[in-house]
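Asks: the following comprises the amino acid sequence and a computationally predicted model.
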Amino acid sequence: MRSPVHVRFAPSPTGALHIGSVRTLLYNYLLAKKEQGRFILRIEDTDQKRFVVDSEQYILESLRWLGIVPDEGPEQGGDFGPYRQSERTAMYTVYLKRLLEEGHAYYAFDTAEEIENMRERLIAAKVTHPQYNAISRTWMKNSLTMPKEEVEAWIAAGKPYVVRLKMPHKELIRFYDTVRGWVKVDTAVLDDKVLIKSNGIPTYHFANVVDDYLMKITHVIRGEEWLPSTPVHLLLYRYLGWESVAPQFVHLPLLLAPSGVGKLSKRHADQYGFPVFPIAWHAEGLTVNEGFREQGYLPDALLNFLALLGWSPGGEQEVFTREALIEKFSLERLGRSGVKFDIAKAKWFNQQHIKQQELSVWVGYFIQEAQKEGVTCQENDALAICELVKERVTFIKDFWLEGRFFYVDPLLYDENLLHKKWNSQAEQMMILFASKLATLIEWSLLFLKELLQEVIQCHHSSVGALLPLLRMALTGLTAGPDVMAIIYLLGKDKSCKRITVFLEAMKQR
Ligand code: GLU
């Protein structure tokens, strides 16, 4: 591995960050940390048409929430700045001149209409790749077909032009991709890529390569959609004399929709009701009401989930802290095939990360949520309740949602359950249970369990006949933690009172 490792995350500020980009970001970050290299954030804002105001802020805030701090970037600065491509124009000009002088790039003056006509002609002639390329360029208006003086005169007169890369006619470009292995592309299928647009701004391809070179990038880790662009990038490396320092390419497989068909998109997210963006965002053309942050995911759980979508740590273990991910990460264990996005798994990771923390960490959240409903609770009680409900918690807010009934008396009882379970024997058992409970002297879980057994045996009945009703009387719910443990925490008075209220309500039914 070339050292020191320099990697970059290079988002374009064209909207919110898709979760697939967060995975790309994560793999770059993990490699940099693992190899004690540098992780650079570069904003690729050369596409003015797709530029979205505030998108950069959104990206920065997403990184902040994820706890990923670049070593260099627009906020941190660094030796290779500036870190926004729009501020680096002068640097691109130097290399453009070199390409033009050495005949690897040329000026093209064709209008959109002329290019369209050319394409139509090629389509009519059944040409396989109807594009601006080594063949068609010979009959278009460019500096390869026009006399030098005319080209200069046109430029001086302010005629709009673009600069294109002079793609070799038929050449096999071979490169090694860490994930894909050897990739071969015939330049005959590629067009003469525009390097500088008519507004003087470089295209993605050109700015990206120049910046990767200047920032001494050793590994380009990015989504598979960029694989077809790599031969173009490699030609630029060659023509600029940088071949020996070209980065190692690592193209990550796609994140697939939950069905496994097609790539994961916002449409799937809307359809199945899960987020695909890290945080909420409202901007023109895109509204994301809830991101992972708003839904209650812990950044480390989300990163753990994403880390395993395309990379395997080897072995059975799945739950890792950020530090452990850094330690384990290696490019060799990246997978090749597309990975299904399974939100149930993301929830599972969240659950596991919540469980791995000391419960006392979550008690404050419980008390806060309670306060929002005007409920004051003691720290000790909150801790005991959190302990009791922890197996049922997916998000932090669930601690309160699952434990709320301790503070809020039930208002309604489930008719379905009553229909199935409520009868005179159940009523008798409930009355007996309440009276024994009221006179229980020693308050312990063990005695409560014995009491339950006594009542059931006395009526030759079963746990299933009484317990769901007791749960309903005490909590108003049909599911939850162990009923005797609930009674134990709720206390004698509250438990007896709730059973009495329930029995009264049954009489009125
Ligand atoms: N700006 C590109 C993007 O938005 C970066 C691709 C690359 O990493 O080369 O994904």
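Replies: Thanks, I have it. Numbers count the residues shown, from 1 in each chain.
Asks: does residue 163 count as helix, strand or coil?
Replies: Per DSSP: H, G, I helix; E, B strand; the rest coil, the local secondary structure of residue 163 is strand.
Asks: surely it touches residue 106?
Replies: Yes: taking contacts as CB atoms under 8 Å, residue 163 lies within contact range of residue 106: 7.0 Å. Yep, even glycine has a C-beta here, placed from its N, CA and C like the rest.
Asks: what sits in contact with each of the two?
Replies: Listed as contacting both residue 163 and residue 106 by CB atoms under 8 Å, 6 or more residues apart in numbering are residue 100.
Asks: and residue 106, that's in a helix?
Replies: No: read with three-state DSSP, residue 106 is strand and lies in no helix.
Asks: and the residue nearest to it when sequence neighbours are not counted, what does it touch?
Replies: Sequence neighbours aside, residue 143 is the residue nearest to residue 106 in space, at 4.5 Å (criterion: CB to CB, 6 or more residues apart in numbering). Contacts for residue 143 (CB under 8 Å, 6+ apart) come out as 106, 107, 108, 151.
Asks: tell me the two of these that are most distant?
Replies: Greatest spatial distance among the contacts of residue 143 (CB to CB): 108 and 151, at 10.3 Å.
Asks: counting neighbours, go ahead and name the busier of those two.
Replies: The residue with more neighbours, out of residue 108 and residue 151, is residue 108; 23 against 20, by other CB atoms under 10 Å.
Asks: ok, the more buried one to residue 191 distance?
Replies: Note on residue 108: its distance to residue 191, by CB to CB, to the nearest Å, is 11 Å.
Asks: shared neighbours, the two?
Replies: With CB under 8 Å, 6+ apart as the test, residue 108 and residue 191 both reach residue 132.
Asks: what's the pLDDT at the residue of the chain positioned farthest from its centre?
Replies: Relative to the centre of the chain, and counting by CA atoms, centre = their mean, the farthest-placed residue is residue 458 at 56.7 Å. Note on residue 458: pLDDT of 96.
Asks: let me see the contact set for it.
Replies: 429, 432.
Asks: if we go to 7 Å?
Replies: Counting by CB atoms under 7 Å, 6 or more residues apart in numbering, residue 458 touches residue 432.
Asks: do the same with residue 212
Replies: By CB under 7 Å, 6+ apart, the neighbours of residue 212 are 220, 247.
Asks: again, only this time at 8 Å
Replies: Contacts of residue 212 (CB under 8 Å, 6+ apart): 8, 220, 247.
Asks: can you tell me the element it falls in?
Replies: helix 204-214 (DSSP states H and E).
Asks: and the helix or strand just after that helix, how far out from the chain's middle?
Replies: Going down the chain from helix 204-214, the next helix or strand is strand 219-223, by DSSP H and E. For strand 219-223, the gap between its own C-alpha mean and the chain's C-alpha mean amounts to 16 Å (CA atoms, centre = their mean, to the nearest Å).
Asks: close to the ligand, is the following helix or strand past strand 219-223?
Replies: With elements assigned by DSSP H and E, the helix or strand that comes after strand 219-223 is helix 230-239. No: counting by CB under 6 Å from any ligand atom, the ligand has no neighbours in helix 230-239; the shortest distance is 8.1 Å.
Asks: and the helix-or-strand element of the chain with minimal mean pLDDT, what does it pack against?
Replies: Lowest mean confidence among the helices and strands of the chain (mean pLDDT, DSSP states H and E): strand 286-288, at a mean of 82. Secondary-structure packing of strand 286-288 (3 or more CB pairs under 8 Å, 6 or more residues apart in numbering; DSSP states H and E): strand 281-283.
Asks: pairing partners for the strand it packs on, with directions?
Replies: strand 286-288 (antiparallel) (DSSP bridges).
Asks: quick one: buried residues of the partner strand?
Replies: In terms of neighbour count (16 or more other CB atoms under 10 Å), strand 286-288 has its buried residues at residue 288.
Asks: what does stretch 334-347 give?
Replies: Result for stretch 334-347 [16+ other CB under 10 Å]: buried residues 334, 338, 339, 341, 343, 346, 347.
Asks: using JSON lines, lay out those together with secondary structure, distance to residue 127 and pLDDT.
Replies: Shown next, in JSON lines, are the buried residues of stretch 334-347 (DSSP: H, G, I helix; E, B strand; the rest coil; distance: CB to CB, whole Å; pLDDT from 0 to 100):
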{"residue": "334", "secondary structure": "strand", "distance to residue 127": "38", "pLDDT": "97"}
{"residue": "338", "secondary structure": "coil", "distance to residue 127": "32", "pLDDT": "93"}
{"residue": "339", "secondary structure": "strand", "distance to residue 127": "37", "pLDDT": "94"}
{"residue": "341", "secondary structure": "coil", "distance to residue 127": "39", "pLDDT": "96"}
{"residue": "343", "secondary structure": "helix", "distance to residue 127": "45", "pLDDT": "96"}
{"residue": "346", "secondary structure": "helix", "distance to residue 127": "47", "pLDDT": "98"}
{"residue": "347", "secondary structure": "helix", "distance to residue 127": "51", "pLDDT": "98"}
